[in-house]
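Colleague: one predicted model, sequence on top.
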Amino acid sequence: MVSPRSLFARNPVRTTLLLGPACALALGASLIASPAHAVPAPISASTAAPSATAITAELRPGDSGAQVRTLQERLNELGYWIDGADGEFGMHTEHAVLALQKAAGIDRDGIVGPATRSALDEGTVPSATTDSGSVVEIDLERQLLLVVTDGEVQRVIHTSTGSGQPYEGSDGDEHIALTPEGSYPVFREVDSWDPGPYGALYRPKYFNGGIAVHGYPSVPAQPASRGCARVSLAAMDWLWEQGHLDIHATVLVR
């Protein structure tokens, strides 16, 4: 699997168009490549059935051990994107926990307490709104990116979209950071860090002007971008490798 690449890596850019991304803040020194990561195995519809997790402790980032591994395996079983089950509660495990908490409508703190353990036991997963074809759905209310095939949710990815806050655009005018609802085709992709007026975007897939699904070092639990849908660098690599956001793929923002 391809690891996230440096801002200055010399990678091919699969486009000759120049469109200004409207979604990132300056990255500064936070652009650090993350290690290689595993591709989650496909899941079946039956995995959403209630299952005892055998998790009894409160788990949080920085923890490690058998119960963390059990947590990671259960999250993957339910379809929450995670980069493997290594028993270490790192950033990607936290993102998967946040995605579960968003789907369950509980506090988004990234900590596995009683309410989160109940969501794991109950097999809480979000539903798709489309019923045919391959679609990437962006759920603005719950801040989730869903990979959907024929109405079945295959993977759930933690995302952060437009903050709804005003900002000064590159044209000097005030704009509101929104991710507009609608159905869009992916029309442009850049297989590298893509520089823009508000910072560089990792391997972006553009679907609405300068708005893209892209990787970013910071993916908070709340909406925080200028319009794009942020995911982790590793999750963006997975989306590329699995072909879910190829040119002409459908992105439904709802």
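Modeller: Thanks, I have the structure now.
Colleague: show me where the stretch 151-254 of the chain has strands.
Modeller: Using DSSP state E, counting those that start in this stretch, the strands of the stretch 151-254 of the chain run over 152-158, 166-168, 174-176, 182-185, 188-189, 193-194, 201-208, 211-215, 229-231, 250-253.
Colleague: separation between residue 100 and residue 124?
Modeller: Remark: distance between residue 100 and residue 124 (CB to CB, to the nearest Å) = 6 Å. For glycine as for every other residue, the C-beta is placed from the backbone atoms N, C-alpha and C.
Colleague: give me the common contacts of the two.
Modeller: With contacts taken as CB atoms under 8 Å, 6 or more residues apart in numbering, residue 100 and residue 124 have residue 78 as neighbours in common.
Colleague: okay, now the nearest residue to residue 181 once chain neighbours are set aside: neighbour count?
Modeller: The spatial neighbour of residue 181 that comes closest, neighbours along the chain excluded (CB to CB, 6 or more residues apart in numbering), is residue 253 at 5.0 Å. With neighbours defined by other CB atoms under 10 Å, the count for residue 253 comes to 21.
Colleague: touching, residue 253 and residue 136? I think so.
Modeller: No: between residue 253 and residue 136 there is no contact under CB atoms under 8 Å: 9.5 Å.
Colleague: of residue 100 and residue 124, which one has the most company?
Modeller: More crowded of residue 100 and residue 124, by other CB under 10 Å: residue 100, with 28 against 20.
Colleague: please identify the helix or strand for the more buried one.
Modeller: Using DSSP states H and E, residue 100 maps to helix 91-104.
Colleague: residue 125 contacts residue 156, doesn't it?
Modeller: Yes: in this structure, residue 125 is within contact of residue 156 by CB under 8 Å, at 6.7 Å.
Colleague: that concludes my questions; thank you for your assistance.
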